[in-house]
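Chemist: Sequence below, structure please.
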Amino acid sequence: MIPDDIINQILDRADIAEVISGYIPLKRAGRNFRANCPFHHEKTPSFMISPDKQIFHCFGCGVGGNVFGFVMKYERIEFPEAVELVGTKVGIQIPKSSSGQSQNRSEAAKIHSANEAAVQFYHYTLLETEHAKDAVNYLNKRGVKEETVKKLKLGFAPSGWDSFLSFAKKKGFDAKLLERAGLALAGKDGNFYDRFRQRVIFPIHNNKGQVVGFGARVLDETLPKYMNSPDTPVYSKGRNLYGLNLAIEHIKEKDYVIIVEGYLDFLTPFQAGVGNIVASLGTALTNEQVKLLKRFTNNIVMVFDPDSAGEAASLRGLDVAVAEGMNVKVATLPKGCDPDKFVAQEGVEKFIKCIETAADFFDYKYNLLKSRLKNFDVNSKSKIANEMLITIAKISNAVVKSEYIKRLSQYLDVDTQALWAEASKIRPDQESNFDIHPVVIGAAPKTVNLQAAEKMLLGLILDDPAFITEIKKYYSESQVQLDSDFSVLLGIVCCFWAEHKTINIAKLINSVKNESYCKAILDAYAAVGELVDKEKCLKDCIKNLKQSHVKVKMKMLQAEIKSAQELKKGEQHLGKLLSEYNNLIKQKAEV
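Modeler: Just a heads-up that it's a prediction; the model follows:
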């Protein structure tokens, strides 16, 4: 016997149209596919495949079924062999041991039960206990309505070390099972404690509506802001999409899906009536996520945050989606607005308008690349062409690929044959090398000017990305020049972190084309190597920079005051300058 959970995993990952197209040629017929039936002779195609329902049916001979049924009949093999064959196609191995199979099936069922118990506990705690007062206030502040809380089964994990564990044990769940489910952690002393504490809980469902994992957010800005379930026998972040279980019918109806990054970016538009929306769980779009969506639509609109990290995620995601044959658009929100903030401030109508006017993936990427160039000379055109061709090369349809190369030829005013010649050099799996952060491509190396404290802050991030939030907070509050070296380097590192969720120095400097920036990154990383108390160093550096910033403003005001006195600009103007100067003196003392 093959475990039910393994069979379901294979069905979840397999696309029936993709599997059958490996045996017979298919033609699109609206949302479905049509072909001549391979099981009886016919001249007019009556064999239909439904990606939505993941079934096939022949109206001529009456044969039909799911992907396993097709493979069994076409290959003339038994069910276990068909499951194993399809599993191999989608990268899932069948356990060999029958005892192991029974154990796996039982394990998955127990984890699903534990997850359901966790939803019950967290949801009740949020709605019915005093422990959740701050969480309720937080959700109210974010505009989350009670009906949304109930529909999405949002919850709250209280601050106790074993609040959920105690509840779960009374329900008969073993602590080691809860650990395997990602709901508990084992301490060094051998005792277990709750993984989620003092956080708002977002249950994550698979497309069948089963709870497979959880996302958890703190109520303030402490780190880490989000904590998610680890990979378990029933959950993998890159193979699930938040909200898909609620969005499927809306996606089918609209025939396109909106993809955002995080839980609240999904929640706010969804609450406002946008049903065909899912969240990528904070990751760049994966092949598995795209294949899952492909069952319900071929059209994607990505709406990631309008910053360097969001732009990097958009470019990476559109490449993945294009490679899977999806029609991709990218909607751009105003700077500083994620979908959650935009809908809350501007309303859902304006959000929908942004979706409806989303740019074709080609125009989005082209305009983004061009905006990062200082000039539009031959070298710049070559760089744009190479980056655009990396995406175009992923298009399987020869006619569509040809049209995009023609468009690129027109945009760049470059001969089409030259582009085809360059396209032939691109590997299908080749990834982008373009830096999204605003660094001028082709600029001559220059000396990087960093204050000692800026250098240390950069080194701290490189050594431990947990410092990113605090340093970015200082950066946003201190009015650092957007084109300063520190600003650019901070953008480079944060962008790399957002895309890879780790900082590998070797890969980071390999992605940076500017020699001086590479040297500055290596110097900053080396500078913190021997530090013992990095937390204290962080505070001292921020304090130093704040004092330095105040001193610069004071010096500028002194010059303005002197000029106002000499030009006799009037007591009111002079009084205003003196008041500002006195405020700076106070700020300096408070730092």
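Chemist: pLDDT weak spots in the stretch 301-450 of the chain?
Modeler: Applying pLDDT under 70 to the stretch 301-450 of the chain flags the ranges 433-446.
Chemist: try 80 this time
Modeler: Applying pLDDT under 80 to the stretch 301-450 of the chain picks out residues 305-310, 312-313, 336, 372-376, 428-429, 431-447.
Chemist: ok but M227 is inside a strand, no?
Modeler: Yes - M227 forms part of a strand when assessed by DSSP: H, G, I helix; E, B strand; the rest coil.
Chemist: how near is L154 to E261?
Modeler: In this view, L154 and E261 are 18 Å apart by Cβ to Cβ, to the nearest Å. Just so you know, the C-beta spots here come from the backbone N, C-alpha and C atoms, and that holds for glycine as well.
Chemist: of these two, who's got more company?
Modeler: Neighbour totals were compared for L154 and E261, and E261 leads with 28 against 23 (other Cβ atoms under 10 Å).
Chemist: Now that one. Its backbone dihedrals?
Modeler: Per-residue torsions, E261: phi -90, psi -50 (degrees, to the nearest 10).
Chemist: my guess is it meets D338, correct?
Modeler: Yes - taking Cβ atoms under 8 Å as the definition, E261 is a contact partner of D338 at 7.5 Å.
Chemist: Just checking the distance from the lengthiest helix in the chain to the centre of its chain.
Modeler: In terms of residue count, the longest helix belonging to the chain (DSSP state H) is helix 534-567. Centroid displacement of helix 534-567 relative to its chain, using Cα atoms, centre = their mean, to the nearest Å, is 38 Å.
Chemist: Equivalent analysis for stretch 279-290, please.
Modeler: That offset, for stretch 279-290, works out to 6 Å (Cα atoms, centre = their mean).
Chemist: what's the distance between K576 and V552?
Modeler: In this structure, K576 and V552 are 19 Å apart, going by Cβ to Cβ.
Chemist: re earlier: what do E261 and D338 both touch?
Modeler: Common neighbours of E261 and D338, using Cβ atoms under 8 Å, 6 or more residues apart in numbering, are D305.
Chemist: Just give me the neighbour total for D540.
Modeler: D540 is flanked by 13 other residues according to other Cβ under 10 Å.
Chemist: Provide a list of residues in contact with it.
Modeler: Residues near D540 by Cβ under 8 Å, 6+ apart: A453.
Chemist: Show me which positions of stretch 221-230 end up buried.
Modeler: Of the residues in stretch 221-230, those buried by neighbour count under the rule 16 or more other Cβ atoms under 10 Å are 227-229.
Chemist: And stretch 517-524, by the same measure?
Modeler: Under the neighbour-count criterion of 16+ other Cβ under 10 Å, stretch 517-524 has 517-518, 520-521, 524 buried.
Chemist: Next: stretch 153-169.
Modeler: Going by neighbour count (16+ other Cβ under 10 Å), the buried part of stretch 153-169 is 153-158, 162-165, 167-168.
Chemist: cool, stretch 296-305 as well?
Modeler: By 16+ other Cβ under 10 Å, the buried positions in stretch 296-305 come out as 296-305.
Chemist: before we move on, what about stretch 314-331?
Modeler: Under the neighbour-count criterion of 16+ other Cβ under 10 Å, stretch 314-331 has 314-324, 326, 328-331 buried.
Chemist: what's it in contact with?
Modeler: Residues from elsewhere that reach stretch 314-331, judged by Cβ under 8 Å, 6+ apart: 258-259, 280, 284-287, 290-291, 293-294, 298-304, 354-355, 357-361, 364-365, 368, 390-391, 394-397, 428, 431-432, 434, 436, 499.
Chemist: Out of these, name the ones that lie in strands.
Modeler: The strands, defined by DSSP state E, take in 258-259, 299-302, 359-360 from the contacts of stretch 314-331.
Chemist: Looking at those, which one is closest to K507?
Modeler: Taking Cβ to Cβ as the measure, K507 lies nearest M302 of these, at 24.4 Å.
Chemist: ok, the closest one to L333 distance?
Modeler: M302 sits 11 Å away from L333, going by Cβ to Cβ.
Chemist: Can you give me the domain assignment for this protein?
Modeler: Under the assignment automatic domain parsing, the domains of the chain span 4-90, 98-235, 239-366, 379-423, 452-531, 535-590.
Chemist: most tightly surrounded among the ones you listed?
Modeler: Highest mean neighbour count among the domains of the chain (mean count of other Cβ atoms under 10 Å): domain 239-366, with a mean of 21.
Chemist: Between its first and last residues, how far does that domain reach?
Modeler: End-to-end span of domain 239-366 (Cα to Cα, to the nearest Å): 29 Å.
Chemist: and what of stretch 371-382?
Modeler: Terminal-residue distance, stretch 371-382 (Cα to Cα): 15 Å.
Chemist: Ends of stretch 449-469, what's the gap?
Modeler: Stretch 449-469: ends 23 Å apart by Cα to Cα.
Chemist: thinking again about what came up before, nearest to L458 among the buried residues of stretch 153-169?
Modeler: The closest of the buried residues of stretch 153-169 to L458 turns out to be A157 (Cβ to Cβ; 34.6 Å).
Chemist: how about the nearest residue to that closest one once chain neighbours are set aside, what does it touch?
Modeler: Excluding the flanking residues, the one nearest A157 by Cβ to Cβ, 6 or more residues apart in numbering is F196, at 3.9 Å. Listed by Cβ under 8 Å, 6+ apart, the contact set of F196 reads 122, 157, 164, 183, 214, 216, 227.
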